[in-house]
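Visitor: no sequence for this one, just the structure:
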């Protein structure tokens with residue numbers, strides 16, 4: 001007898017299996033009521049278990065295991081969009097990230113996810129890779145999916161028009177990181193002026209005067225930090241030593257730039273580098289190592305962001321902490337407050353976090369005579 005006939009006989013012999021198979025055949029949506037019936041518990045209990053809702057009433061592990069097993073057997077899939085279609089909140093949050101490979105943005109995502117889980121939200125994540133049109137496309141997708149709100153991680157060069165579109169399409173939108181002033185949507189960002197001054201004050205107090213800056217041009221805060229460096233140096237009469245080198249934030253780009261800088265470094269008066277991102281600093285440190293330039297004895301380096309790996313490179317990197325996890329958490333909490341209180345975009349103030357300088361072993365006083 002063929003496999004199809006054998007399956008049919010099994011279904012006829014087991015009414016429960018036949019009923020489950022029939023559900024799959026007609027493609028009916030399995031509901032919480034179905035799972036509760038087959039699990040022998042209330043719909044409320046099933047909802048608490050499957051939606052990870054906490055309460056003061058404990059649930060036994062065997063009950064949880066039974067509910068999960070029944071849900072898997074029936075093919076239960078939570079319909080998160082149904083709430084939005086009924087006119088209530090969907091508990092879905094759209095996140096549009098400029099670059100999900102950026103270690104600092106990963107910190108921010110951790111903070112957003114932490115706050116979202118606490119508020120019983122689920123995340124949609126879109127990666128735009130610096131492309132404004134991709135951000136608009138994701139915004140439309142999240143709109144169709146009835147997302148309650150959107151968080152945009154990282155400003156995009158030339159992306160002001162995209163922000164206009166997002167602000168027009170969605171009532172609840174929050175930006176986070178890489179901002180220097182108020183824009184079309186409220187945002188959470190770090191004070192790059194204070195952070196840059198902290199980095200330069202540290203190098204200056206150690207005795208460094210011939211300091212160069214390595215930054216990027218694709219982000220607003222990268223340009224602001226480089227501009228602040230120039231103002232700092234000119235303001236202290238060190239204009240003759242001002243150098244700003246531009247590269248991308250990826251470590252390999254910092255490494256390539258470092259090779260060019262250090263090719264003629266033997267006779268250079270430079271004793272310190274202010275890198276406006278940690279990833280750039282890592283590339284520079286590798287290039288210095290390969291050229292036999294000791295850090296921090298010959299060259300001090302300060303980074304920016306305090307990403308997770310910064311304490312574990314050799315030597316551990318002195319850097320400016322933007323408190324990425326806190327920044328992400330604050331952005332999500334701000335968005336949830338906008339949603340719950342129905343706040344318009346233009347009525348919500350930005351949240352500006354104060355950065356902290358984290359001193360490690362990549363900086364020390366310069367050797368030799370000061371300029």
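Guide: Sure, I can see it. Everything numeric here is computed off the predicted structure, so don't read it as measured data.
Visitor: Please count neighbours and contacts with C-alpha atoms only from this point.
Guide: Fine.
Visitor: how many neighbours does residue 168 have?
Guide: Neighbour count of residue 168, defined by other C-alpha atoms under 10 Å: 11.
Visitor: Just the buried residues of the host helix or strand of it, please?
Guide: According to DSSP states H and E, residue 168 maps onto helix 160-169. Buried positions in helix 160-169, judged by neighbour count with 16 or more other C-alpha atoms under 10 Å: 162, 163, 166, 167.
Visitor: pLDDT and distance to residue 236 added to these, as JSON lines?
Guide: Listed next are these as JSON lines, based on pLDDT from 0 to 100; distance: C-alpha to C-alpha, whole Å:
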{"residue": "162", "pLDDT": "71", "distance to residue 236": "40"}
{"residue": "163", "pLDDT": "71", "distance to residue 236": "38"}
{"residue": "166", "pLDDT": "75", "distance to residue 236": "43"}
{"residue": "167", "pLDDT": "75", "distance to residue 236": "42"}
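Visitor: Quickly name whichever of these is closest to residue 354.
Guide: Nearest to residue 354 out of the buried residues of helix 160-169 is residue 163 (C-alpha to C-alpha; 25.0 Å).
Visitor: Would you confirm that the closest one contacts residue 184?
Guide: Yes. At 6.6 Å, residue 163 and residue 184 qualify as touching, with contact defined as C-alpha atoms under 8 Å.
Visitor: Next SSE downstream of the helix holding residue 168?
Guide: Next along from helix 160-169, by DSSP H and E: strand 173-176.
Visitor: quick one: low-confidence parts of the stretch 101-250 of the chain?
Guide: The stretch 101-250 of the chain contains residues with pLDDT under 70 at 133, 144-145, 156-161, 178-181.
Visitor: Quick check: residue 93 is in a helix.
Guide: No. Residue 93: not assigned to a helix; according to DSSP: H, G, I helix; E, B strand; the rest coil it is strand.
Visitor: Dig out what it forms beta bridges with.
Guide: Beta-bridge pairing for residue 93 (DSSP bridges): residue 123, residue 149.
Visitor: for the longest helix along the chain, which positions count as buried?
Guide: Longest helix in the chain, counting residues (DSSP state H): helix 324-341. Residues 324-336, 338-339 are the ones in helix 324-341 that count as buried (16+ other C-alpha under 10 Å).
Visitor: quick one: which of these is nearest residue 273?
Guide: Proximity of these to residue 273 (C-alpha to C-alpha) peaks at residue 324, which lies at 22.9 Å.
Visitor: doesn't residue 104 make contact with that closest one?
Guide: Yes. Assessed by C-alpha under 8 Å, residue 324 is found in contact with residue 104 at 6.4 Å.
Visitor: Now list whatever residues contact both of the two.
Guide: Counting by C-alpha atoms under 8 Å, 6 or more residues apart in numbering, the shared contacts of residue 324 and residue 104 are residue 305.
Visitor: For residue 173, see how far away the residue nearest to residue 122 when sequence neighbours are not counted is.
Guide: Leaving aside its chain neighbours, residue 122 sits nearest to residue 92 (5.0 Å; criterion: C-alpha to C-alpha, 6 or more residues apart in numbering). Per C-alpha to C-alpha, to the nearest Å, residue 92 is found 13 Å from residue 173.
Visitor: what touches both of those two?
Guide: With C-alpha under 8 Å, 6+ apart, residue 92 and residue 173 have common neighbours residue 149.
Visitor: Between these two, which is the more surrounded one?
Guide: Taking neighbours as other C-alpha under 10 Å, residue 92 and residue 173 compare with residue 173 leading, 29 against 23.
Visitor: Nearest residue to that one in space, ignoring adjacent ones along the chain?
Guide: residue 150 (4.8 Å).
Visitor: That neighbour touches residue 172, doesn't it?
Guide: Yes. Counting by C-alpha under 8 Å, residue 150 touches residue 172, with 6.5 Å between them.
Visitor: out of those two, which sits in the more crowded spot?
Guide: Neighbour tally, residue 150 and residue 172, criterion other C-alpha under 10 Å: the higher count belongs to residue 150, 28 against 24.
Visitor: ok, now how distant is that one from residue 360?
Guide: From residue 150 to residue 360 the distance is 36 Å (C-alpha to C-alpha).
Visitor: what's the span of stretch 49-61 from first residue to last?
Guide: One end of stretch 49-61 sits 10 Å from the other (C-alpha to C-alpha).
Visitor: Need the three-state assignment for residue 234.
Guide: Residue 234 ends up helix, using three-state DSSP.
Visitor: so what's it up against?
Guide: Neighbour list for residue 234: residue 242 [criterion: C-alpha under 8 Å, 6+ apart].
Visitor: how far away is it from residue 224?
Guide: With distances taken as C-alpha to C-alpha, residue 234 is found 15 Å from residue 224.
Visitor: What residues sit buried inside whatever helix or strand residue 226 lives in?
Guide: If you go by DSSP H and E, residue 226 is part of helix 220-235. Using 16+ other C-alpha under 10 Å as the test for burial, helix 220-235 gives 220-230, 232-233.
Visitor: who touches the residue nearest to residue 122 in this structure?
Guide: Listed by C-alpha under 8 Å, 6+ apart, the contact partners of residue 92 are 80, 121, 122, 123, 124, 146, 147, 148, 149.
Visitor: Make a markdown table out of the buried residues of helix 220-235 and add distance to residue 266.
Guide: Shown next, in a markdown table, are these (distance: C-alpha to C-alpha, whole Å):
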| residue | distance to residue 266 |
| --- | --- |
| 220 | 33 |
| 221 | 32 |
| 222 | 28 |
| 223 | 29 |
| 224 | 30 |
| 225 | 27 |
| 226 | 25 |
| 227 | 27 |
| 228 | 27 |
| 229 | 24 |
| 230 | 24 |
| 232 | 26 |
| 233 | 23 |
